[in-house]
Structures are given as C-alpha cells and as structure tokens.
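Enquirer: After the sequence you'll find the predicted model.
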Amino acid sequence: MLQSASVTVKIPAPGPLREADTRIAYIRREPATVAQLMSQHLDLARPGSDAEALRLLRQAFPAAPLAARVEAMKARAR
C-alpha cells in the first residue's frame, strides 16, 4: 500500500551569516583571488600529502572546480 508523505521546509529569517553561509561569499570572487586564497589556506593547513591538500581545498572551496584546486597546488609547489 502506498502512503503519502508531507514535507515541511523552514526558511530561516534574514539575519547575520552563519558559518555554513560564509562559503557562499567565495563563489563570485575573481579566479586570481580564489587561487591566492587557496594557496594561503594550504600554507596555513600544511597538508601532509597531495590527497590531503585536495581534500582540504574541496572542503574550503566547494564551488571551485577541480582544475582550479590542482592549479593552486601547482602554483604553491613552484
């Protein structure tokens, strides 16, 4: 027998940005600025491997394409 389900969606009232909302602010930055932020993030995090560096960048910059994250790693290695 099929049952129906109801879904309630709560939309938060406008207010100060929460931690999760701060990621949205990085979506519309210039590519050079994002690359610089990625490089600085890696300098602070000091990952032990390339895989860890990519994981950290993916978490910090979820909207950035993989090519941009790899390019930031290459620029840092120079």
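Expert: Now that the structure is in, tell me what you want to look at.
Enquirer: could you point out which element follows the longest helix along the chain?
Expert: Criterion DSSP state H: the longest helix present in the chain is helix 31-45. Next in sequence after helix 31-45, counting helices and strands by DSSP states H and E, comes helix 50-60.
Enquirer: same for that following helix, what does it pack against?
Expert: helix 31-45, helix 66-77 (3 or more CB pairs under 8 Å, 6 or more residues apart in numbering; DSSP states H and E). Heads up, the C-betas are built off the backbone N, CA and C, glycines and all.
Enquirer: quick one, which of these is nearest to residue 59?
Expert: Closest approach to residue 59 among the helices and strands packed on helix 50-60 (CB to CB): helix 31-45, 9.7 Å.
Enquirer: okay, residue 74: pLDDT?
Expert: What the model reports for residue 74 is a pLDDT of 88.
Enquirer: before we move on, what about residue 47?
Expert: On the pLDDT scale, residue 47 gets 91.
Enquirer: if I pick it, what's in contact with it?
Expert: By CB atoms under 8 Å, 6 or more residues apart in numbering, the residues touching residue 47 are 53, 55-56.
Enquirer: now residue 43
Expert: residue 76.
Enquirer: Tell me the spacing between it and residue 73.
Expert: 12 Å (CB to CB, to the nearest Å).
Enquirer: pLDDT weak spots in the chain?
Expert: By pLDDT under 70, the low-scoring segments of the chain are 1-29.
Enquirer: Can you mark which positions in the longest helix of the chain are buried?
Expert: Of all the residues in helix 31-45, those buried under the rule 16 or more other CB atoms under 10 Å are 34-35, 37-39, 41-42.
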